[in-house]
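J.: From the sequence below, what's the structure:
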Amino acid sequence: MPKPSIENPTKKLLDDIKELVSGLPQHLQGPAFTVLLQKELSLPRKMNTTCSAFPTAAPLRMSSFGEYFNGFPLKIKQMEKLLVAASFAEIQSTDRTFTVESAHDLLKDIGVMLSSANVFMKQILNKKWVITIGKLGKTTYKYRVSMEGHKVLKMLTGEKEDDK
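T.: Residues are numbered from 1 along each chain as shown. This is a model prediction of the structure:
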């Protein structure tokens, strides 16, 4: 009678992390995988057979917005800068959404000034680079970067489109 196979916990961890990041756009999968792996290996955890998915997972923490922003070309339009900040703010939030203020604050923190963040948000909404998810209060909305927005980010970084 053959012995029951014992699954390697490290392989299971890697597979679980791979499954978690597979829902992210291609250009974010590598950094997210690295961050999650580092987080899992540095924290003690119980070895159980279930793995939590995005709703209960902690937000992904990339190194810093400045490093992320410098991965894009220097000469990009202001609305593209807001889109880059929006994608980073979305990754950092627990519910995978962002507000105009959160994206604009990230840009201000690294010294990038926009003439009017709300005007640029309307422009990227019209281009369908982001979608409205919900409303917080009277005038604050929650957004998420759309697939079209992720295509623009890939184009800005020079990544090739996946032909599927």
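
J.: Show me the contact partners of the helix or strand that contains Phe88.
T.: Assigned by DSSP states H and E, Phe88 falls within helix 78-92. Here helix 78-92 makes contact (C-beta atoms under 8 Å, 6 or more residues apart in numbering) with 28, 32, 59-62, 65, 68-69, 72, 76, 96-99, 102-104, 106-107, 112, 114-115, 117, 120-121, 123-124, 127, 129-130, 143-145, 149-150, 152-153, 156. For the C-beta atoms, the positions are set from N, CA and C on the backbone; glycine is no exception.

J.: tally of neighbours for Gly66?
T.: Look at Gly66: counted by other C-beta atoms under 10 Å, it has 12 neighbours.

J.: which SS state does it fall under?
T.: At Gly66 the chain is in helix, as set by DSSP: H, G, I helix; E, B strand; the rest coil.

J.: In contact with it, which residues?
T.: Ile110.

J.: and Ser116, what are its phi and psi?
T.: Dihedral pair for Ser116: phi -160, psi 100, per degrees, to the nearest 10.

J.: What's the separation between it and Leu74?
T.: According to C-beta to C-beta, to the nearest Å, Ser116 stands 21 Å off from Leu74.

J.: So which of these two has more stuff around it?
T.: Between Ser116 and Leu74, counted using other C-beta under 10 Å, the more crowded position is Ser116 (10 against 5).

J.: tell me the pLDDT at that one?
T.: Ser116 is assigned a pLDDT of 91 by the prediction.

J.: One more: Ser102?
T.: Ser102 is given a pLDDT of 93.

J.: And the one 3 residues further on, by the same measure?
T.: We note a pLDDT of 94 for Asp105 in this prediction.

J.: And Gln92, by the same measure?
T.: 88.

J.: quick check: domain ranges of the protein?
T.: Listed domain ranges for the chain are 8-44, 62-164 (source: automatic domain parsing).

J.: and the ones you listed, which is most packed in?
T.: Across the domains of the chain, averaging neighbours per residue (mean count of other C-beta atoms under 10 Å) puts domain 62-164 on top, at a mean of 16.

J.: For Glu148, what is the enclosing helix or strand?
T.: Counting by DSSP H and E, Glu148 is part of helix 147-157.
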